[in-house]
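S.K.: model the structure of this input:
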Amino acid sequence: MSNDLLNGIISDIEKQIDNLDATPEMENVWEVFYLWDWIAKISGLRNVAYNELVEFESGWVWIALNLEEHYVWVVVLSWFKEIKEWQKVKCTWRTLEVPVWEWLIWRVVDALWNPIDGLGKIKSSENYPIERVATWVMDRKSVHEPMQTGLKALDALVPVGRWQRELIIWDRQTWKTQVAIDAILNQKGQNMICVYVAIWQKEWKVARVVEELRNRWAMDYTIIVSAWASSPASMQYLAPYAGCAMAEYFMFNGKHALIVYDDLTKQANAYREMSLLLRRPPGREAYPWDVFYLHSRLLERSSKLNDKLWAWSMTALPIIETQAWDVSAYIPTNVISITDGQIFLESDLFNAGQKPAINVWLSVSRVWGSAQIKAMKKVSWTLKLDLAQYRELAAFSQFASDLDAGTRKQLERGKRMMELLKQWVFEPITTEKQVCAMYAWTKWFLDNVETSKIKKVEKELYLALDDEKTVLESIAKEKVINDEIEKKLVEIIKKVVELNK
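M.R.: The predicted structure follows:
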């Protein structure tokens, strides 16, 4: 062999050695050796982190929740039947993310944002982590603007502000969901994106909510996240976090957001089921020790950004279902301590025909007047006290055989106020009209109207205000009732009341 040929071969070998990537790629791969009820136990998976995604040999990627010395317990979210024992599993070095984008508006998705409404695939070019540290306190702003729900009993007596976490609580079948749906309907034209999270709800109930929202064109700004009763506990556990991720994405991208968690009792039950399957030690009512953290890290993400961050907000309406009025149970007390106020719905009021059955004596908003416009504060500042006095008198009068004229007058006045607070489903009322109705009661104009005619007078008052638009337009623009507008309003109220005496 000639020296030139030998030198050429050596030169080629040296070039290949120089270009060789000798860095070894290490993969942490182990095996599944236990499967049971959407839980997989993996042996020897080292260096895995809590809440990290792990990838099965079949291609599905799920969450590691229990980290032990020799084993890792993984929660399977879907396609459980495709996972077999002794399949290979490896780390992915990332946490769970969901797709986010405006394409999700009008859609019904599951906790992993897979479409379940039959309208085809969802386009998205961006992902957002479902778990995120809440906005730093210095980046927030205090409540100073209302988030009107369209319900007179709430906007006048228990106002909700933007970014507030207002709990809706009481037993089943007291229209808790209806209160939240009416609040969503009232956000039309408010630059607000609404996210409704249904946890452990029956499919027909979710379908009915979707249909009602579509009929009223509320799906134009609404996303439905549903973890049905037939879904695994892991999906019911993740659904609120997935919905929160979407609402938070809009908050950071130029819109206000409203999210409804219906309901967190079911999420806690799903988390308890998962924890028991993961062999975690049970605590009070068999819930794990970190169930408070389950809800606190979710609700704390609702915030109002400061002016430097363009002052967008995310408001939360969590729902809790009690058992036989027991608000001292573990989950209700936890969520009450986290939220900024509570809306109590009372079964007795509901059965008596007072709908929405909001107990204005127990319900509280910790921001109060900060979440009301000046016009509403002017007409409703004594309302709660008057209703509390009426309730005490009504309870006392049941045992009294003879009442003086002043007491009877106060009772009749309270009955008219309770009648005025009644509101039928899917009929949110604008704040301007609410102010005018409350003004009519506060200024004693309704005292000579029969209780049975209060709803008729209210309806005719709204129609008259629609004809005389200057009153509503002025209140909407200036947020107060000036002298000129007050004179016009008094004339309209007197005319309507005179026709219904």
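S.K.: just give the nearest non-adjacent residue to the spatially most central residue of the chain, would you?
M.R.: By CA atoms, centre = their mean, the chain has its centre lying nearest to residue 260, at 1.9 Å. In space, and not counting its chain neighbours, residue 260 is closest to residue 180: 4.3 Å by CB to CB, 6 or more residues apart in numbering. (Glycine included, C-beta is placed from N, CA and C.)
S.K.: how is the chain carved up into domains?
M.R.: 29-96, 141-372, 384-499 (automatic domain parsing).
S.K.: and those domains, which is most packed in?
M.R.: domain 141-372 (a mean of 20; mean count of other CB atoms under 10 Å).
S.K.: how far does that one stretch from start to finish?
M.R.: Distance across domain 141-372, first residue to last, is 16 Å (CA to CA, to the nearest Å).
S.K.: tally of neighbours for the nearest residue to residue 129 once chain neighbours are set aside?
M.R.: Nearest residue to residue 129, sequence neighbours excluded (CB to CB, 6+ apart): residue 97, at 5.2 Å. Residues near residue 97, counting by other CB atoms under 10 Å, number 17.
S.K.: start the count at 694 instead of 1 going forward.
M.R.: Sounds good: first residue 694 from here, last item residue 790.
S.K.: tell me the helix or strand right after the strand or helix carrying residue 1164.
M.R.: Using DSSP states H and E, residue 1164 maps to helix 1162-1171. Where DSSP H and E defines the elements, the next helix or strand beyond helix 1162-1171 is helix 1176-1192.
S.K.: which other helices and strands does that following helix contact?
M.R.: helix 1124-1135, helix 1147-1160, helix 1162-1171 (3 or more CB pairs under 8 Å, 6 or more residues apart in numbering; DSSP states H and E).
S.K.: okay if I get the ones you listed as JSON lines plus distance to residue 888 and mean pLDDT?
M.R.: Shown next, in JSON lines, are those (distance: least, CB to CB, whole Å; pLDDT from 0 to 100):
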{"stretch": "helix 1124-1135", "distance to residue 888": "23", "mean pLDDT": "94"}
{"stretch": "helix 1147-1160", "distance to residue 888": "30", "mean pLDDT": "94"}
{"stretch": "helix 1162-1171", "distance to residue 888": "27", "mean pLDDT": "93"}
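S.K.: give me the contacts around the helix holding residue 1164.
M.R.: Residues outside helix 1162-1171 that contact it (CB atoms under 8 Å, 6 or more residues apart in numbering): 1068, 1123-1126, 1128-1129, 1158-1159, 1174-1175, 1178, 1181-1182, 1185.
S.K.: and the two most separated of the residues you listed?
M.R.: In the contacts of helix 1162-1171, two members sit farther apart than any others by CB to CB. They are 1159 and 1175, at 20.2 Å.
S.K.: quick one: residues in contact with stretch 1120-1131.
M.R.: Contacts for stretch 1120-1131 (CB under 8 Å, 6+ apart): 839, 841-845, 848-849, 875-876, 878-879, 1066, 1068-1069, 1072-1073, 1076, 1113, 1116, 1151, 1154-1155, 1158, 1164-1165, 1168-1169, 1174, 1182, 1185-1186.
S.K.: just give me how far it sits from the chain centre.
M.R.: Remark: stretch 1120-1131 is offset 23 Å from the chain centroid, using CA atoms, centre = their mean, to the nearest Å.
S.K.: show me where pLDDT drops low in this structure?
M.R.: 694-697, 713-722, 1093-1094 (pLDDT under 70).
S.K.: send the alpha carbons of the helix of greatest length in it over as CSV?
M.R.: Counting residues, the longest helix found in the chain (DSSP state H) is helix 926-944. Written as CSV, here are the backbone C-alpha positions of helix 926-944 (Å, rounded to 0.1, in the frame of the first residue of the first chain):
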residue,chain,number,x,y,z
ALA,A,926,-61.1,10.5,39.2
SER,A,927,-57.8,11.8,37.8
MET,A,928,-59.7,13.8,35.1
GLN,A,929,-62.1,15.2,37.7
TYR,A,930,-59.1,16.2,39.8
LEU,A,931,-57.4,18.0,36.9
ALA,A,932,-60.4,19.7,35.3
PRO,A,933,-60.4,22.8,37.6
TYR,A,934,-56.6,23.4,37.0
ALA,A,935,-57.1,23.0,33.3
GLY,A,936,-59.9,25.6,33.3
CYS,A,937,-57.9,27.9,35.5
ALA,A,938,-55.0,27.7,33.1
MET,A,939,-57.2,28.9,30.2
ALA,A,940,-58.8,31.7,32.3
GLU,A,941,-55.3,32.8,33.5
TYR,A,942,-54.0,32.8,29.9
PHE,A,943,-56.7,35.3,28.9
MET,A,944,-56.1,37.5,31.9
